[in-house]
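Participant: My questions are about this predicted structure, shown below with the sequence.
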Amino acid sequence: MTTQAEHTTGTSHAGLQAWVDEVAALTTPDSIHWVDGSDGEWDALTTLLVESGTFTRLNPDKKPNSFHAASDPSDVARVEDRTFICSEDERDAGFTNNWKSPADMKSIMTDLYQGCMTGRTMYVIPFVMGHIEADVPMFGVEITDSAYVVVSMKIMARIGANVLAAIEANPDASVVKGLHSVGFPLTEGVSDVAWPCSDTKYIAHFPETREIWSYGSGYGGNALLGKKCYALRIASAMARDDGWMAEHMLILKLVSPTGSKHYIAGAFPSACGKTNLAMIDPTLEGWTAEMVGDDIAWMRFGPDGRLYAVNPEFGLFGVAPGTGEHTNPNAMRTVEKGNSIFTNVALTDDGDVWWEDMTPEKPAHLTDWKGNDWTPESGVPSSHPNSRFCTPAKQCPMMADEYDEPNGVPIDAILFGGRRKTTVPLVYESRDWAHGVFIGATLSSETTAAATGAVGVVRRDPMAMLPFIGYNAGDYVNHWLEIGKQADESKLPKIYQVNWFRRDDEDGSFLWPGFGDNARVLKWIVERLDGSAEAVETPVGLVPTPGSIDTTGLDMSEEQVAKALAVNVEEWREKELPLIEEWFAKFGDTLPTQLADELATLKARLESA
Ligand code: GTP
Ligand code: MN
Ligand code: MN
């Protein structure tokens with residue numbers, strides 16, 4: 001079967017060309033555009049998006065070369081209940097994932113893809129996650145019928161003609177194939193809308209064949225296939241096979257007043273503070289921070305036996321609400337440089353963007369994310385709680401030079417964090433790697449608007465990877481234990497749990513100021529690594545003595561600090577322990593014995609405390 005589609009170019013890579021032809025025959029686009037990643041192409045596509053009503057160009061005096069988009073109100077977040085891991089064997093998807101066999105899923109989705117690009121352009125985006133100079137470059141190609149996806153991918157990943165040339169030069173290199181359609185064909189009589197999408201959504205992953213099929217959503221996490229789909233779900237399955245790690249982690253470089261450097265990785269569930277910590281502006285005199293990554297870390301052992309992390313992304317896709325001068329000035333500096341896309345935030349009357357808590361004072365008038373007039377009296381937020389800025393990582397003024405290091409940075413400490421109003425102290429240290437893996441495997445957080453579904457419900461989120469583990473969760477936590485066994489324990493990062501979100505049970509306020517003041521917790525961690533800070537043994541782990549957290553210049557009494565650090569043994573024994581037992585029961589026979597032993601140890605420690 002041949003396609004009528006008009007090609008802009010093609011590829012000498014026979015396998016890739018055959019796949020593109022096959023997809024074109026199935027989806028019947030009007031034309032095929034091979035994305036070269038050039039600035040001219042960006043200009044043409046953003047202009048097209050303005051003309052079609054998807055984009056509003058922002059005032060260039062406020063945000064040069066930047067655009068506002070409002071999605072369909074039903075298409076605002078990742079859709080976890082529509083996300084599938086389609087391994088051959090159901091056991092390999094495990095209890096945390098939805099599963100369908102590859103054959104069944106491909107049959108359902110092939111029907112959906114039939115003619116789905118009618119009236120549209122099919123874009124072919126060659127991309128690489130991580131560095132093109134890496135020993136094993138992690139190539140991908142995304143086919144999409146969304147120009148919004150193309151321009152967003154140009155910000156979020158290294159894309160274009162030079163990547164295609166590298167793929168052609170390495171015909172045996174593995175290339176992850178991603179197929180995406182918004183699922184809104186322009187058949188006879190159907191006119192386009194500003195945000196095409198479908199009520200039927202599937203985000204399907206085929207870990208064995210390293211393929212991704214996405215249908216029906218234009219939202220970032222569902223449609224920019226290099227990010228969550230490839231760099232976390234597919235990559236985690238690759239990492240299991242090849243002895244490395246693909247994790248939902250920020251990477252931060254912290255420099256002390258004496259000039260000592262530490263690299264810290266942190267896994268927090270979506271909308272729980274990774275981007276904010278990655279961009280921290282420390283409130284402690286003499287301490288500086290630089291960002292290496294804000295969402296994804298790929299970690300491999302280096303020749304010296306230490307774990308090295310790279311950030312495979314090229315841009316930042318950050319939660320907008322809550323980002324402001326007082327919380328995250330570095331993010332404000334990054335987006336002010338322009339070249340950015342803002343989705344589901346509000347528009348100001350002078351052609352700029354605004355979202356909740358960007359400034360302490362609310363503007364008198366806005367156009368909200370749904371296109372309605374908005375005033376501070378409206379009684380609804382102007383922006384969707386999961387509205388996002390999409391901006392080039394290199395624009396961040398505190399981006400570390402090490403970001404460009406293809407082999408990454410050696411990690412000294414790993415933080416696990418979540419949103420817990422109660423129980424979990426501000427910070428504590430694991431006793432060893434296996435105990436740290438237990439902390440990660442039992443990580444919990446109140447749900448947020450980053451995924452569709454109820455908000456504020458405590459759920460377990462192993463290593464902040466619950467929605468992103470591309471295989472069996474029991475095998476995944478076991479892989480963490482195996483990584484520990486491959487290494488000399490003294491060279492492994494030390495593992496910590498943090499909780500910026502604990503509340504005062506009397507007035508409900510945050511017990512810890514958070515943001516720039518989180519540097520005080522990082523300082524304690526660095527001093528622990530150096531062997532100079534004090535900690536007390538508790539049944540859950542090693543907690544700072546209240547005096548060992550530097551509160552210089554902070555309006556906080558030692559009693560308040562003690563409240564934030566408290567381990568309430570009874571609360572842990574009566575409330576937390578049963579929840580952890582319930583969680584581990586779900587693993588069935590996939591729970592590693594070592595983690596069952598850690599649970600028994602915690603129980604014994606709580607009972608004898
Ligand atoms: P994803 O990009 O979805 O993976 O989320 P993320 O982990 O990067 O979350 P982000 O840093 O964007 O933070 C989400 C929300 O948490 C924002 O509204 C922040 O203002 C808020 N937040 C971040 N750090 C802190 C903190 O230290 N204290 C408090 N109280 N809120 C915080
Ligand atoms: Mn994330
Ligand atoms: Mn983020």
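Facilitator: Noted; the coordinates are in hand. Ligands and ions are numbered 1, 2, ... in the order given.
Participant: contacting residues around the helix or strand where residue 238 lies?
Facilitator: Applying DSSP states H and E as the criterion places residue 238 in helix 235-242. Residues outside helix 235-242 that contact it (Cβ atoms under 8 Å, 6 or more residues apart in numbering) are 129, 138, 207, 210, 245-247, 298, 312, 465, 468-471, 475-476, 479. C-beta here means a position set from N, CA and C on the backbone, and glycine is covered the same way.
Participant: Which SSE is immediately downstream of it?
Facilitator: Next along the chain from helix 235-242, counting by DSSP H and E, comes strand 245-247.
Participant: Not counting its neighbours along the chain, what's nearest residue 472?
Facilitator: Spatial nearest neighbour of residue 472, chain neighbours left out: residue 94 (3.3 Å); criterion: Cβ to Cβ, 6 or more residues apart in numbering.
Participant: Also residue 368?
Facilitator: residue 374 (4.0 Å).
Participant: Tell me the spacing between the residue nearest to residue 228 when sequence neighbours are not counted and ligand 2.
Facilitator: Excluding the flanking residues, the one nearest residue 228 by Cβ to Cβ, 6+ apart is residue 221, at 4.9 Å. Computed as Cβ to the ion, to the nearest Å, the residue 221 to ligand 2 distance reads 8 Å.
Participant: if you average pLDDT over the helix or strand where residue 221 lies, what comes out?
Facilitator: Using DSSP H and E, residue 221 falls within helix 220-223. For helix 220-223, mean pLDDT is 96.
Participant: Relative to ligand 2, which residue of the stretch 501-609 of the chain is the closest?
Facilitator: Residue of the stretch 501-609 of the chain nearest ligand 2, by Cβ to the ion: residue 501 (16.7 Å).
Participant: how many neighbours does residue 605 have?
Facilitator: For residue 605, the count of nearby residues is 17 (other Cβ atoms under 10 Å).
Participant: Please confirm that it is located within a strand.
Facilitator: No. Residue state for residue 605 (DSSP: H, G, I helix; E, B strand; the rest coil) corresponds to helix; a strand is not indicated.
Participant: Hmm, it is touching residue 539, no?
Facilitator: Yes. Assessed by Cβ atoms under 8 Å, residue 605 is found in contact with residue 539 at 3.7 Å.
Participant: coming back round to it: output the helix holding residue 221 in PDB, but only the C-alpha positions, please.
Facilitator: Written as PDB, here are the backbone C-alpha positions of helix 220-223 (Å, rounded to 0.1, in the frame of the first residue of the first chain):
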ATOM      1  CA  GLY A 220       2.900  16.900  28.000                       C
ATOM      2  CA  GLY A 221       3.300  13.800  30.100                       C
ATOM      3  CA  ASN A 222       1.100  11.800  27.700                       C
ATOM      4  CA  ALA A 223       2.300  13.300  24.500                       C
END
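Participant: How about the residues of the stretch 351-500 of the chain by ligand 1?
Facilitator: 450, 500 (Cβ under 6 Å from any ligand atom).
Participant: Counting neighbours, which bits of stretch 498-518 end up buried?
Facilitator: 498, 499, 500, 501, 502, 511, 512, 514, 515, 516, 517, 518 (16 or more other Cβ atoms under 10 Å).
Participant: tell me how far that stretch is from the chain's mean position?
Facilitator: Centroid separation for stretch 498-518 versus its chain: 23 Å, with Cα atoms, centre = their mean, to the nearest Å.
Participant: surely residue 446 meets residue 460?
Facilitator: No. Applying Cβ under 8 Å as the test, residue 446 and residue 460 come out as separate, 11.7 Å apart.
Participant: shared neighbours, the two?
Facilitator: Contacts common to residue 446 and residue 460, judged by Cβ under 8 Å, 6+ apart, are absent.
Participant: what about residue 437, distance to residue 599?
Facilitator: Applying Cβ to Cβ, to the nearest Å, the value for residue 437 to residue 599 is 12 Å.
Participant: Show me which of those two is the more surrounded one.
Facilitator: The neighbour comparison of residue 437 against residue 599 (other Cβ under 10 Å) goes to residue 437, with 28 against 18.
Participant: Model confidence at the more buried one, what's the number?
Facilitator: pLDDT, residue 437: 98.
Participant: Got the phi and psi for it?
Facilitator: For residue 437, the backbone dihedrals are phi -60, psi -40 (criterion: degrees, to the nearest 10).
Participant: who's in contact with it?
Facilitator: 477, 480, 481, 484, 495, 594, 595, 598.
Participant: Of those residues, which are in range of ligand 2?
Facilitator: When Cβ under 5 Å from the ion is applied, no member of the contacts of residue 437 is adjacent to ligand 2.
Participant: Please convert these to a markdown table, extending it with secondary structure.
Facilitator: A markdown table is the format used below for these (three-state DSSP):
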| residue | secondary structure |
| --- | --- |
| 477 | helix |
| 480 | helix |
| 481 | helix |
| 484 | helix |
| 495 | strand |
| 594 | helix |
| 595 | helix |
| 598 | helix |
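Participant: Just confirm yes or no for stretch 78-88 near ligand 3.
Facilitator: No. Stretch 78-88 does not reach ligand 3 (Cβ under 5 Å from the ion); its nearest approach is 12.6 Å.
Participant: So for that stretch, mean pLDDT?
Facilitator: In this model, stretch 78-88 has a mean pLDDT of 96.
Participant: what's the burial count for residue 380?
Facilitator: Around residue 380 there are 9 residues (other Cβ under 10 Å).
Participant: you'd agree residue 554 is up against residue 517?
Facilitator: Yes. Using Cβ under 8 Å, residue 554 is in contact with residue 517, at 6.4 Å.
Participant: Mutual contacts of these two, please.
Facilitator: Jointly contacting residue 554 and residue 517 under the rule Cβ under 8 Å, 6+ apart are residue 283.
Participant: got the residues of the stretch 201-350 of the chain near ligand 3?
Facilitator: The stretch 201-350 of the chain has residues 274, 275, 295, 318 near ligand 3, with proximity defined as Cβ under 5 Å from the ion.
Participant: hang on, the second one in a helix?
Facilitator: Yes. According to three-state DSSP, residue 275 belongs to a helix.
Participant: Now do the strands in the stretch 451-600 of the chain.
Facilitator: Assigned by DSSP state E, counting those that start in this stretch, the stretch 451-600 of the chain shows strands spanning 458-460, 494-498, 535-537, 542-544.
Participant: Ok, the stretch 1-150 of the chain next?
Facilitator: 6-7, 31-34, 55-57, 67-69, 83-85, 121-129, 138-144.
Participant: To residue 426, which of those strands lies closest?
Facilitator: Of all the strands of the stretch 1-150 of the chain, strand 83-85 sits nearest to residue 426, with 32.7 Å by Cβ to Cβ.
Participant: Same question for that closest one: list its buried residues.
Facilitator: Buried-residue list, strand 83-85, by 16+ other Cβ under 10 Å: 83, 84, 85.
Participant: now do stretch 33-49
Facilitator: Going by neighbour count (16+ other Cβ under 10 Å), the buried part of stretch 33-49 is 33, 34, 35, 36, 37, 41, 42, 45, 46, 49.
Participant: In helices, which of those residues appear?
Facilitator: If you go by DSSP state H, the buried residues of stretch 33-49 have 41, 42, 45, 46, 49 in helices.
Participant: Reformat these as a markdown table; add distance to ligand 2 and pLDDT.
Facilitator: Formatted as a markdown table, these follow (distance: Cβ to the ion, whole Å; pLDDT from 0 to 100):
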| residue | distance to ligand 2 | pLDDT |
| --- | --- | --- |
| 41 | 27 | 98 |
| 42 | 25 | 98 |
| 45 | 25 | 98 |
| 46 | 25 | 98 |
| 49 | 25 | 98 |
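Participant: if we can go back for a sec, deepest-packed of the strands of the stretch 451-600 of the chain, please.
Facilitator: Each of the strands of the stretch 451-600 of the chain was scored by mean neighbour count; the highest is strand 494-498, a mean of 23, by mean count of other Cβ atoms under 10 Å.
Participant: other SSEs contacting it?
Facilitator: Where contact means 3 or more Cβ pairs under 8 Å, 6 or more residues apart in numbering; DSSP states H and E, strand 494-498 is packed against strand 413-417, strand 427-429, helix 433-441, helix 518-530.
Participant: Kind regards, and thank you for your time.
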